[in-house]
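1. Structure for the following, please:
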Amino acid sequence: MKNQYFCGGIILATVMLFSQSGISAENSPESPAPAHKEHAGMHGKHGDHSGKEGIADIPGGEKMPGRPAAWTAYPTLKIRMEINDDTDQREVTVVPQNIVADNIDAYSTEDNNSGGKLHLPFSMAGAKMDKSASKGFYWLAAREEKPDSVHVASTVYFSGFGKDPTRMFMQNKNELEIIPQPFPHEHSRYRANEDWSFIVRFNGQLLPGQKLNLETQNGTKAELTSNAQGLVTVHIPDDFKVAADQGFEKNNAGGHTHNAGRRGSEFVLVAEHIGGGKSYVTGFNSTYGTNAYDQRSLAMGIGFILLGMMGAAPLLRRRESNNSASNTRPGDRNSAITKNTAGGEA
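-> Numbers count the residues shown, from 1 in each chain. Sure, this is the predicted structure:
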């Protein structure tokens with residue numbers, strides 16, 4: 001009997017766990033998987049941003065040379081955070097990649113930062129954020145401007161709880177912008193097999209039919225197009241099979257340091273637009289994690305269920321023993337003996 005309870009409990013728990021995974025997949029928003037193809041046009045047009053040019057401008061502090069990002073040629077921002085062991089304070093550094101930035105601006109949800117905008121000072125290591133910038137959302141944008149082109153790299157950094165960033169995100173910051181609608185709040189994050197929306201606009205006006213490129217650190221490339229409202233739906237790819245051994249880097253852009261140790265990767269969404277005789281290229285980059293119901297999560301869940309069932313086995317045995325004792329009363333045993341004796345004498 002106890003073995004039947006134990007085995008039945010394991011089977012039921014396993015079925016429920018896999019059913020939950022299936023239900024979640026069925027209820028997720030459906031969107032056609034983007035075609036994974038190269039889009040060499042943008043790469044060729046915005047030139048080489050390997051970080052070599054502009055290095056001579058460091059001593060004067062006029063430009064910030066971008067470091068090369070191995071997985072993409074598009075402009076991105078890398079966020080690095082270190083904890084000072086002596087003061088227990090966080091030091092946040094923003095590093096441009098594939099872009100020679102004339103400046104890096106930080107837009108904040110706080111009202112006491114010069115209308116919500118800060119100019120970050122350059123250093124050899126990158127652009128340092130103010131030490132007081134410890135809570136809330138920050139929109140970070142690096143800009144490189146030339147006579148015939150403007151390149152912008154942007155990302156979001158957040159730490160702790162802060163004000164709703166929607167209004168700050170919608171504020172005009174550069175000519176060509178890609179804005180998340182919405183950005184994952186607080187302890188959430190982008191995850192594989194999820195759909196997330198972004199708007200693309202130029203000089204504050206939405207851009208319908210705008211081509212965008214999606215590229216991930218794991219090797220996915222896709223071309224997307226905004227709809228009539230300038231909205232594009234991005235299906236975060238489940239491409240971790242390509243980089244199964246890749247660990248989540250503590251200092252990835254987006255500030256999701258609380259997910260350190262989990263598998264993660266980076267993505268960049270890029271748009272190019274011609275206006276007023278100039279070429280505008282803007283990228284928005286962030287990080288994403290594995291699907292909540294990936295194989296590893298299922299295996300761990302089943303493992304925890306089995307451990308729980310093993311821990312409950314002694315309790316089931318004790319309960320079964322108590323039930324057996326209570327169902328056989330002393331009077332019943334004496335009555336059975338009397339009947340058997342009477343039958344024998346007859």
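2. Pull out the buried positions in stretch 280-295.
-> For stretch 280-295, the buried set under the neighbour-count rule, 16 or more other CB atoms under 10 Å, comprises 280-291, 293-294. Yep, even glycine has a C-beta here, placed from its N, CA and C like the rest.
3. And the helices in the stretch 151-300 of the chain, which stretches?
-> Remark: helices assigned in the stretch 151-300 of the chain by DSSP state H, counting those that start in this stretch are 166-170, 295-327.
4. where are the low-confidence patches of the stretch 101-250 of the chain?
-> Applying pLDDT under 70 to the stretch 101-250 of the chain flags the ranges 110-115, 131-134, 186-187, 242-250.
5. can you give me the strands for it?
-> In the stretch 101-250 of the chain, the segments counted as strands under DSSP state E, counting those that start in this stretch are 103-108, 117-119, 127-128, 136-146, 149-159, 176-180, 190-191, 195-202, 205-206, 211-216, 221-225, 231-235.
6. Which one of those strands lies nearest to residue 71?
-> Ranking the strands of the stretch 101-250 of the chain by proximity to residue 71 (CB to CB) places strand 211-216 first, at 7.6 Å.
7. Against which helices or strands is the closest one packed?
-> strand 221-225, strand 264-275 (3 or more CB pairs under 8 Å, 6 or more residues apart in numbering; DSSP states H and E).
8. Turn the ones you listed into TSV, columns for distance to residue 81 and mean neighbour count.
-> Formatted as TSV, the helices and strands packed on strand 211-216 follow (distance: least, CB to CB, whole Å; neighbours: other CB atoms under 10 Å):
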stretch	distance to residue 81	mean neighbour count
strand 221-225	29	16
strand 264-275	15	22
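9. out of the ones you listed, which comes closest to residue 203?
-> Proximity to residue 203 (CB to CB) singles out strand 264-275 among those, at 7.4 Å.
10. Out of the helices of the stretch 151-300 of the chain, which gets the lowest mean score?
-> Mean pLDDT is lowest for helix 295-327 out of the helices of the stretch 151-300 of the chain, coming in at a mean of 63.
11. ok so, going back, of all the helices and strands packed on strand 211-216, which lies closest to residue 71?
-> strand 264-275 (7.2 Å).
12. Direction included, what does that closest one pair against?
-> strand 211-216 (antiparallel), strand 278-289 (antiparallel) (DSSP bridges).
13. Could you export these as CSV, including distance to residue 188?
-> Rendered in CSV, the data for the strands paired with strand 264-275 read as follows (distance: least, CB to CB, whole Å):
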stretch, distance to residue 188
strand 211-216, 19
strand 278-289, 10
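14. So which of the ones you listed is nearest residue 173?
-> Of all these, strand 278-289 comes closest under CB to CB, at 10.1 Å.
15. now that closest one against strand 136-146, angle please.
-> Relative orientation of strand 278-289 with respect to strand 136-146: 150 degrees, computed using axes from the mean of the first three to the mean of the last three CA atoms, to 10 degrees.
16. quick revisit: among the strands paired with strand 264-275, which is nearest residue 239?
-> Residue 239 lies closest to strand 211-216 among these, at 6.0 Å (CB to CB).
17. ok, and what's touching the closest one?
-> The contact list for strand 211-216, computed with CB atoms under 8 Å, 6 or more residues apart in numbering, reads 34, 39, 42, 71-72, 74, 178, 198, 200, 220-226, 232, 234, 237, 239, 265-272, 288.
18. same question, stretch 193-208
-> Counting contacts by CB under 8 Å, 6+ apart, the residues outside stretch 193-208 that touch it are 25, 28-29, 31, 172, 175-181, 190, 210, 212, 226-236, 238, 269, 271, 273, 275, 280, 284, 291.
19. Show me just the buried residues among the residues you listed.
-> Burial by neighbour count, judged by 16+ other CB under 10 Å, picks out 175-180, 190, 210, 212, 226, 230, 232-236, 238, 269, 271, 273, 280, 284, 291 from the contacts of stretch 193-208.
20. can you tell which of the strands of the stretch 101-250 of the chain is closest to residue 83?
-> Evaluated over these, closeness to residue 83 peaks at strand 149-159, with 12.1 Å, by CB to CB.
21. Could you work out which of the strands of the stretch 101-250 of the chain reaches nearest to residue 79?
-> Distance to residue 79, taken as CB to CB, is lowest for strand 149-159 among the strands of the stretch 101-250 of the chain, at 5.4 Å.
22. okay, the closest one in PDB with CA atoms only?
-> What follows is strand 149-159 as a C-alpha-only set of coordinates in PDB (Å, rounded to 0.1, in the frame of the first residue of the first chain):
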ATOM      1  CA  SER A 149      26.000  60.200 -40.300                       C
ATOM      2  CA  VAL A 150      24.900  59.800 -36.700                       C
ATOM      3  CA  HIS A 151      25.400  56.600 -34.800                       C
ATOM      4  CA  VAL A 152      23.700  55.900 -31.400                       C
ATOM      5  CA  ALA A 153      24.000  53.100 -28.900                       C
ATOM      6  CA  SER A 154      21.500  52.800 -26.200                       C
ATOM      7  CA  THR A 155      20.500  50.500 -23.300                       C
ATOM      8  CA  VAL A 156      18.700  50.600 -20.000                       C
ATOM      9  CA  TYR A 157      20.300  50.200 -16.600                       C
ATOM     10  CA  PHE A 158      18.300  49.700 -13.400                       C
ATOM     11  CA  SER A 159      19.000  48.900  -9.800                       C
END
